[in-house]
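S.K.: just the structure for this:
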Amino acid sequence: MSQRPIRSQYEDFMRHVFTHGVEKTDRTGTGTTSVFGHQMRFDLKEGFPLVTTKKVFTKAIIVELLWFLRGDSNVKWLQERGCTIWDEWARDDGDLGPVYGVQWRSWPTPDGGHIDQIAEVVKQLKTNPDSRRIIVSAWNVADLGKMALMPCHAFFQFYVADGKLSCQLYQRSADIFLGVPFNIASYALLTHMVAQQCDLDVGDYIWTGGDCHIYSN
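M.R.: Numbering: from 1, shown residues only. Purely as a prediction, here's the structure:
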């Protein structure tokens, strides 16, 4: 059965928040209309889930994802490729602390070592695709205080069935207008990339949000 296209799912999501959301305060002082818990599902075989009802900076989606996969934490590499979306949080030397890429590729262990979560995912998908432990987390509690910005899209899991790779993302904080279209496209692209590396077709991409909000401004 065909799934509903991204445009209608996204627009219905915003409508749901305006209809059923509650007013909340937030760390920026702006205020939001918010609901807790929402899910959208996209069949990646039917097309790429890029929102077209608003302009989405596609180049930045690609460049940022490659930056994450490099394990980088400095905005210099992004800036050299015309991407400035992280600039406002960077220190004077350009560093952001142990943000997404560091956690994905170099999660610190108590013995002083590091775990490459992306490499582990690829290994598991190739050797044990039915595992229920094919997970990447950016939410490292010990490192949160060192990060310029705590992870919003914090945790994702892969699932293989009938030779197709599916991915589910949990996004604890979801800025529906600005961030969610970007995040949907980013993890859909990541699913395509991982599937290609593991000789799999793509399946579903499931976006799950926690605090889903639209800013009052």
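S.K.: can you give me the mean pLDDT across stretch 160-167?
M.R.: This predicted structure assigns stretch 160-167 an average pLDDT of 99.
S.K.: you'd agree residue 184 is in a helix?
M.R.: Yes: Residue 184 sits within a helix when classified using DSSP: H, G, I helix; E, B strand; the rest coil.
S.K.: tell me who's in contact with it.
M.R.: 6, 10, 40, 42, 49, 50, 51, 205, 207 (C-beta atoms under 8 Å, 6 or more residues apart in numbering). No exception for glycine: its C-beta is placed from N, CA and C like everyone else's.
S.K.: switch the cut-off to 10 Å
M.R.: Residues in contact with residue 184 (C-beta atoms under 10 Å, 6 or more residues apart in numbering) are 6, 9-10, 40, 42, 48-51, 56, 61, 153, 169, 171, 205, 207.
S.K.: buried residues, the lengthiest strand in the chain. List them.
M.R.: Taking DSSP state E as the assignment, the strand of the chain that covers the most residues is strand 201-215. Burial within strand 201-215, assessed by neighbour count using 16 or more other C-beta atoms under 10 Å, is assigned to 202-214.
S.K.: now it, how far from the chain's geometric center?
M.R.: 8 Å (C-alpha atoms, centre = their mean, to the nearest Å).
S.K.: ok, back up a step: may I see the buried residues of strand 201-215 organised as a markdown table, with distance to residue 80 added?
M.R.: Formatted as a markdown table, the entries for the buried residues of strand 201-215 read as follows, by distance: C-beta to C-beta, whole Å:
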| residue | distance to residue 80 |
| --- | --- |
| 202 | 30 |
| 203 | 35 |
| 204 | 35 |
| 205 | 29 |
| 206 | 34 |
| 207 | 30 |
| 208 | 34 |
| 209 | 32 |
| 210 | 33 |
| 211 | 34 |
| 212 | 34 |
| 213 | 33 |
| 214 | 33 |
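S.K.: by contact count, what packs against the longest strand of the chain?
M.R.: Secondary structure elements in contact with strand 201-215, counted by 3 or more C-beta pairs under 10 Å, 6 or more residues apart in numbering; DSSP states H and E, are helix 6-20, strand 22-24, strand 32-43, strand 153-161, strand 164-175, helix 180-197.
S.K.: element containing residue 199?
M.R.: Mapping residue 199 onto the secondary structure by DSSP states H and E places it in no helix or strand at all.
S.K.: tell me the mean pLDDT over stretch 15-32?
M.R.: Across stretch 15-32, the per-residue pLDDT values average to 93.
S.K.: got it, and stretch 170-180?
M.R.: With pLDDT averaged residue by residue, stretch 170-180 scores 97.
S.K.: what's the span of that stretch, first residue to last?
M.R.: Stretch 170-180 has an end-to-end distance of 12 Å (C-alpha to C-alpha, to the nearest Å).
S.K.: let me see the contact set for the closest residue to residue 91 other than its chain neighbours.
M.R.: Across the structure, with C-beta to C-beta, 6 or more residues apart in numbering as the measure, the residue nearest residue 91 apart from its sequence neighbours is residue 148 (7.1 Å). Contacts for residue 148 (C-beta under 10 Å, 6+ apart) come out as 73, 75, 86, 88, 89, 90, 91, 95, 96, 97, 98, 99.
S.K.: need those in a markdown table (columns: neighbour count and pLDDT).
M.R.: As requested, the contacts of residue 148 are arranged in a markdown table below (neighbours: other C-beta atoms under 10 Å; pLDDT from 0 to 100):
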| residue | neighbour count | pLDDT |
| --- | --- | --- |
| 73 | 24 | 98 |
| 75 | 23 | 99 |
| 86 | 20 | 98 |
| 88 | 9 | 97 |
| 89 | 13 | 97 |
| 90 | 20 | 98 |
| 91 | 11 | 97 |
| 95 | 15 | 98 |
| 96 | 21 | 99 |
| 97 | 17 | 98 |
| 98 | 20 | 99 |
| 99 | 24 | 99 |
